[in-house]
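Student: Return a 3D structure for these sequence lines:
(chains A, B, C and D)
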Amino acid sequence: MNKAQANSDWIEILARPLDVGRVSDMVADPAAGGIAVFIGTTRAETSSDGRELVALDYEAYEEMAVQQLHDLARRARAKWPVVRTVIVHRIGRVPLSEASVAIAVSAPHRGDAFEACRWLIDTLKAEAAIWKKEIWADGTSTWSGHDRRT
Amino acid sequence: MNKAQANSDWIEILARPLDVGRVSDMVADPAAGGIAVFIGTTRAETSSDGRELVALDYEAYEEMAVQQLHDLARRARAKWPVVRTVIVHRIGRVPLSEASVAIAVSAPHRGDAFEACRWLIDTLKAEAAIWKKEIWADGTSTWSGHDRRT
Amino acid sequence: MKQIEVKFFAVLRDVAGVPALRLEMPDTATVGDAAGILAERFAGLGRYLPRVGYAVNRSYVKADCVLQDGDELALIPPVSGGNL
Amino acid sequence: MKQIEVKFFAVLRDVAGVPALRLEMPDTATVGDAAGILAERFAGLGRYLPRVGYAVNRSYVKADCVLQDGDELALIPPVSGGNL
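Tutor: Numbers count the residues shown, from 1 in each chain, chains lettered A, B, ... in the order given. Reported below is the predicted structural model:
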């Protein structure tokens, strides 16, 4: 898996359950009055033809995604007075209720922490080279955004 | 300390360090696709006359504050499709960088989780019967919002 | 006459020097009447009253609320918000 | 001639049946030229191309980008966003 640290940002793509307490602790800082954290989790779902979702399988172009997430943290810092940013994305199978991504941002004031965190997850989802496959209870699977059943 | 649970909301006022991982875990649910968490932390500060802040002392009218936080969770649920809400507030001395309050909200979609979480912390700070005293390095202290040094 | 329990918090507890006390008042007395009596008893309390809120039995009320025997009246100084 | 490394991800890896391959191309060949060659080689790839993005050496590029010898070209299907 890939780890990298630049300044006070921490980016990680890893194939095991996320530790949200650790992610939050990593952005705590005496200069910060607020920390906003977003955690994306696998939501139960029923397909149009009645299949039940049991998990999502995440896959990343790791070398590119790590660069992209570092770049996102830098862009957030240019927009808001961010103290620290941590972005951790899980790959592999993520069962219902479990976390696939955690983003924590600390800032002197809470409004900036909320806005930067929201922008980071929205932009990560739009840009990062990370894909998910829906795993259904009947053993079928589909790549999200495509109708191709595999 | 006061604990209480109603439906899928959890409210707690306690005199020990907050466990952010636990707060986040408590709102995880198969019906949720996103969890927004806010953590308020003690920020370093210098007073106008050059004293350094070392901690904040939080005090609550506990019986009233617990009722208020339950009511906040109910009001959030009326405004957004919240799955679960947890609000935990620490009282007593909270040193620099440590958390005084943690609010976690899960929702089917992330926009609702962010908005409900933001509304909860804004409204908690405006309404809840909780006060803080600034503790300075020279041994003095001041109630926040007043100029009275004690 | 009726008896009410008064609670002080934060800066007001420091000013009053006690966290709580009992107050005997006429049957018609309001929250505002109680605040007036307290301001006379505790020097320095009066200047905080313009920014103080009142809760009776743990719910916010206005100063013209008539107190009942056994009520718990809390003087609520400005809460912690705004600094973050 | 130049040699490039092509990487497939997600649905495109399933379609291609391999995660990566090497491609020999004329010196003037662009990303779009490479995509055309791949669409001929792998039945079923063509219908995904209108929604596919391209990255060369881990940065997004347009289809008219001229490839250099040794470049890593990745075909990027639509990313995971939007569902939450």
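Student: what ranges do the helices span in chain A?
Tutor: A:20-27, A:62-79, A:110-127 (DSSP state H).
Student: next one: chain C
Tutor: Using DSSP H, the helices of chain C run over C:11-16, C:31-41.
Student: Show me what the longest one is packed up against.
Tutor: It stands for helix C:31-41. Contacts defined by 3 or more C-beta pairs under 8 Å, 6 or more residues apart in numbering or on different chains; DSSP states H and E place helix C:31-41 against strand C:2-8, strand C:20-25, strand C:53-56, strand C:72-76. (C-beta placed from N, C-alpha, C; glycine too.)
Student: Return the angle between stretch directions for it and strand C:2-8.
Tutor: Orientation of helix C:31-41 against strand C:2-8 (axes from the mean of the first three to the mean of the last three C-alpha atoms, to 10 degrees) gives an angle of 70 degrees.
Student: Check which residues of helix C:31-41 are buried.
Tutor: Across helix C:31-41, burial judged by 16 or more other C-beta atoms under 10 Å in any protein chain shown covers C:31, C:33-35, C:38.
Student: mind putting the residues you listed in TSV, pLDDT included?
Tutor: TSV is the format used below for the buried residues of helix C:31-41 (pLDDT from 0 to 100):
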residue	pLDDT
C:Val31	98
C:Asp33	97
C:Ala34	97
C:Ala35	97
C:Leu38	97
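Student: count of neighbours near the closest residue to C:Ile37 other than its chain neighbours?
Tutor: Nearest non-adjacent residue to C:Ile37, counting by C-beta to C-beta, 6 or more residues apart in numbering or on different chains: C:Leu23, 6.6 Å away. When neighbours are defined as other C-beta atoms under 10 Å in any protein chain shown, C:Leu23 has 18 of them.
Student: gap between C:Leu23 and B:Ala129?
Tutor: According to C-beta to C-beta, to the nearest Å, C:Leu23 stands 20 Å off from B:Ala129.
Student: Flag the shaky bits of chain C, pLDDT-wise.
Tutor: By pLDDT under 70, the weakly predicted segments of chain C are C:80-84.
Student: Can you verify my assumption that A:Ile35 contacts A:Ala104?
Tutor: Yes: counting by C-beta atoms under 8 Å, A:Ile35 does reach A:Ala104; the two are 6.0 Å apart.
Student: shared neighbours, these two?
Tutor: A:24, A:27 (C-beta atoms under 8 Å, 6 or more residues apart in numbering or on different chains).
Student: residue nearest the centroid of chain C?
Tutor: Centroid check for chain C by C-alpha atoms, centre = their mean gives C:Leu75 as the closest residue, at 3.5 Å.
Student: can you name the farthest residue from the center of chain A?
Tutor: A:Asp49 (28.9 Å).
Student: ok, how many other residues are close to the closest residue to C:Tyr60 other than its chain neighbours?
Tutor: In space, and not counting its chain neighbours, C:Tyr60 is closest to C:Gly53: 6.0 Å by C-beta to C-beta, 6+ apart. Residues lying near C:Gly53 (other C-beta under 10 Å) number 16.
Student: Pull the contacting residues for C:Gly53.
Tutor: C:Gly53 touches C:60, C:75-77, counting by C-beta under 8 Å, 6+ apart.
Student: same question, A:Leu120
Tutor: A:38, A:72-73, A:76, A:85, A:87, A:103, A:105.
Student: give me that answer again for 7 Å
Tutor: Going by C-beta atoms under 7 Å, 6 or more residues apart in numbering or on different chains, A:Leu120 touches A:72, A:76, A:87, A:103, A:105.
Student: What of C:Leu67?
Tutor: By C-beta under 7 Å, 6+ apart, the contact set of C:Leu67 is C:2, C:4, C:25, C:29-31, C:34, C:56, C:73.
Student: Out of those residues, which is nearest to B:Ala65?
Tutor: C:Val56 (15.7 Å; C-beta to C-beta).
Student: how near is the closest one to chain D?
Tutor: 44 Å (C-beta to the nearest C-beta, to the nearest Å).
Student: and that residue, what are its bridge partners?
Tutor: Taking DSSP bridges as the rule, C:Val56 bridges to C:Ser59, C:Leu73.
Student: I'd say A:His109 and A:Ile35 touch.
Tutor: No: A:His109 lies out of contact with A:Ile35 (C-beta atoms under 7 Å); the separation is 11.4 Å.
Student: The two: who's more crowded?
Tutor: A direct count of neighbours by other C-beta under 10 Å for A:His109 and A:Ile35 places A:Ile35 higher, at 31 against 15.
Student: neighbours of the closest residue to that one other than its chain neighbours, just the number please.
Tutor: Closest residue to A:Ile35 apart from its sequence neighbours, by C-beta to C-beta, 6+ apart: B:Ile39 at 4.1 Å. The local packing of B:Ile39 (other C-beta under 10 Å) involves 29 other residues.
Student: which residues does B:Ile39 bridge with?
Tutor: Beta bridges link B:Ile39 to A:Ile35, B:Ala102 when assigned by DSSP bridges.
Student: if I look at it, how far off is chain D?
Tutor: 21 Å.
Student: For chain A, which residue occupies the most central location?
Tutor: Short answer for chain A (C-alpha atoms, centre = their mean): A:Val101, at 2.7 Å.
Student: Which residue comes closest to that one once chain neighbours are left out?
Tutor: With C-beta to C-beta, 6+ apart as the criterion, A:Val101 has its nearest non-adjacent residue at 4.3 Å, and that residue is A:Gly40.
Student: Run a quick neighbour tally on the one you found.
Tutor: Neighbours of A:Gly40 (other C-beta under 10 Å): 27.
Student: In contact with it, which residues are there?
Tutor: A:Gly40 neighbours (C-beta under 7 Å, 6+ apart): A:99-101, B:33-34, D:84.
Student: Quick one: mean pLDDT for stretch A:138-150?
Tutor: Stretch A:138-150 shows a mean pLDDT of 75 in the predicted model.
Student: typo on my end, stretch A:83-92
Tutor: 98.
Student: Can you list the buried residues in stretch A:109-128?
Tutor: Within stretch A:109-128, the residues that qualify as buried are A:110, A:112-125, A:127-128, counting by 16+ other C-beta under 10 Å.
Student: Please read the previous query as pertaining to stretch C:70-80.
Tutor: Applying 16+ other C-beta under 10 Å to stretch C:70-80 flags C:71-80 as buried.
Student: Quickly name whichever of these is closest to B:Ile135.
Tutor: Taking C-beta to C-beta as the measure, B:Ile135 lies nearest C:Ser80 of those, at 14.0 Å.
Student: ok, and the closest non-adjacent residue to the residue in chain A that chain C sits nearest to?
Tutor: Closest approach between chain A and chain C, counting by C-beta to the nearest C-beta: A:Gly33, at 4.4 Å. Using C-beta to C-beta, 6+ apart and skipping the chain neighbours, the partner closest in space to A:Gly33 is B:Arg43 (3.8 Å).
Student: With that, I have no additional questions.
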